[in-house]
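Participant: I would like to see how this sequence folds:
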Amino acid sequence: MNLELSAEQLMLQDSAFKWASEQWGPIVEKCDEEDWMPPDLFKQAAAMGFLGVSVEERYGGSNAGLLAEGLVAEQLSRISPALTMSLIAHSNLCIGNIANNAGDELKDKYLPGLVSGQLIGALGLTEPGAGSDALYGMRTRARKDGGVYVLNGSKMFITNAPVCDLMLVYAKTDPEAGPRGISAFIVERNSPGFSVSRKIKKAGMRGSPTGEVVFEDCPVPEQNLVGQLNGGVAVVTRGLDVERLMVACMCLGAAHEALEHSIRYSLERKQFGKAIGEFQMIQAKLADMYSQLQAARALTYTVCRQAETAGRGGKGTALTRDAASAILVAAETATRITNHAVQIHGGYGYCLEYPVQRLWRDIKLMEIGAGTSEIRRMIIARELLRSGSCEG
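Facilitator: Take a look at the predicted model:
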């Protein structure tokens, strides 16, 4: 199913999958077993143009759009959702938010290095006591002191924190204003008071480093404010909509690969004198896996195209409703498909040398990160009830 992809988009899909197969295929087990990231990951991805797919050409990108960026994420995730997660945190959460919200001076200063892979980026939103309640529960503060803002607080579960050179950080600049008192800042890793307190051990997404970040009287130049003072909620909400679409695309890739492994195994594995693919229970699983994957893909691609032309996202928009719907369907579909893949492989599926168990462990995160499935359902229902209709 190509869903009317252009020749250029089909070529991009093909090149992303071939590159990941050749570059990552031989090392994915090492990445998973040792929680190891190849040191040249970002520079290699940049050389293929994968870090600036939707960024303007003046900064080194190809300006190919969000769907093209999602297609790359999908194909890379077939080989390693974990390594793809680090690239997406860099290219979408950091680069994308800076490109869409920062002024020209900041974009000129940081985007070329990020797009070229010379700099590694991250995003700091979630906190130890504020995950689903990220906006209302935020405790990190940024206090103005002359020509700088002084940050104090911490961020939790931050992808790329142990390896990043800079981070887009959200902090309260007007604590009394709630979510309307949040601002976004670019914080360089070498800033005094910036530290990664620990690298977090995870069940999946191993090879993608995750850490806790602490700010202790960390000075940030006022010029590093992204967007408007106390306007961070607009950066967050539009950014979350697009993040959810990229995560949905990652889910498609992992689910696709789990289905491919399951089809091959069903043809090769014999029980009771015949291939297990001849048994109706296996056939039913494969049919469900394929049908649900194609439905999730159609929805996700459609909303990616919608996001390319939509204005703002966030509360009160069709984009925020539909992005939540896409990731809800894609993540739960991918979890179901990878679970079926393990079941089809039987005991071998539970062994570490078979890749389906890694896809199964990796993809569970997608029902938790970028807003849990429960939060996604709340967003969809809120927007439906707000508009009084499912149209538009």
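Participant: hey, where'd the strands end up in the stretch 101-250 of the chain?
Facilitator: Counting by DSSP state E, counting those that start in this stretch, the stretch 101-250 of the chain has strands at residues 121-124, 141-145, 148-159, 166-172, 182-188, 194-199, 210-221, 225-226.
Participant: contacting residues for the nearest residue to residue 60 once chain neighbours are set aside?
Facilitator: Leaving aside its sequence neighbours, residue 60 sits nearest to residue 115 (CB to CB, 6 or more residues apart in numbering; 4.0 Å). C-beta here means a position set from N, CA and C on the backbone, and glycine is covered the same way. Going by CB atoms under 8 Å, 6 or more residues apart in numbering, residue 115 touches 46, 51-52, 55, 59-61, 95.
Participant: pick out the residue nearest the middle of this protein.
Facilitator: residue 247 (4.3 Å; CA atoms, centre = their mean).
Participant: got the contact list for the closest residue in space to that one that isn't next to it in sequence?
Facilitator: With sequence-adjacent residues excluded and distances taken as CB to CB, 6+ apart, residue 247 is closest to residue 370, at 4.9 Å. By CB under 8 Å, 6+ apart, residue 370 lies in contact with 240, 243-244, 247, 327.
Participant: for residue 358, which of the strands of the stretch 101-250 of the chain is the nearest?
Facilitator: Among these, strand 210-221 comes nearest to residue 358, with 16.5 Å by CB to CB.
Participant: now the helices for the stretch 51-200 of the chain?
Facilitator: 66-79, 81-88, 97-101, 104-115 (DSSP state H, counting those that start in this stretch).
Participant: in the stretch 201-350 of the chain, where is pLDDT below threshold?
Facilitator: 311 (pLDDT under 70).
Participant: swap in 80 and give it another go.
Facilitator: Residue ranges of the stretch 201-350 of the chain with pLDDT under 80: 238, 311-313.
Participant: ranges for the helices of it?
Facilitator: Counting by DSSP H, counting those that start in this stretch, one finds helices in the stretch 201-350 of the chain at the ranges 232-268, 280-309, 318-345.
Participant: could you dump those to TSV with distance to residue 36?
Facilitator: Listed next are the helices of the stretch 201-350 of the chain as TSV, based on distance: least, CB to CB, whole Å:
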stretch	distance to residue 36
helix 232-268	20
helix 280-309	30
helix 318-345	22
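Participant: circling back: for the helices of the stretch 51-200 of the chain, give me JSON lines that also has distance to residue 5 and mean pLDDT.
Facilitator: As requested, the helices of the stretch 51-200 of the chain are exported to JSON lines (distance: least, CB to CB, whole Å; pLDDT from 0 to 100):
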{"stretch": "helix 66-79", "distance to residue 5": "7", "mean pLDDT": "98"}
{"stretch": "helix 81-88", "distance to residue 5": "19", "mean pLDDT": "98"}
{"stretch": "helix 97-101", "distance to residue 5": "24", "mean pLDDT": "95"}
{"stretch": "helix 104-115", "distance to residue 5": "24", "mean pLDDT": "98"}
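Participant: could the contacts of residue 115 be laid out in JSON lines, adding pLDDT, distance to residue 3 and neighbour count?
Facilitator: As requested, the contacts of residue 115 are exported to JSON lines (pLDDT from 0 to 100; distance: CB to CB, whole Å; neighbours: other CB atoms under 10 Å):
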{"residue": "46", "pLDDT": "98", "distance to residue 3": "28", "neighbour count": "22"}
{"residue": "51", "pLDDT": "97", "distance to residue 3": "25", "neighbour count": "26"}
{"residue": "52", "pLDDT": "94", "distance to residue 3": "24", "neighbour count": "27"}
{"residue": "55", "pLDDT": "96", "distance to residue 3": "24", "neighbour count": "25"}
{"residue": "59", "pLDDT": "97", "distance to residue 3": "29", "neighbour count": "20"}
{"residue": "60", "pLDDT": "97", "distance to residue 3": "29", "neighbour count": "18"}
{"residue": "61", "pLDDT": "97", "distance to residue 3": "24", "neighbour count": "22"}
{"residue": "95", "pLDDT": "97", "distance to residue 3": "26", "neighbour count": "27"}
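Participant: from those, which is closest to residue 215?
Facilitator: Nearest to residue 215 out of the contacts of residue 115 is residue 95 (CB to CB; 21.8 Å).
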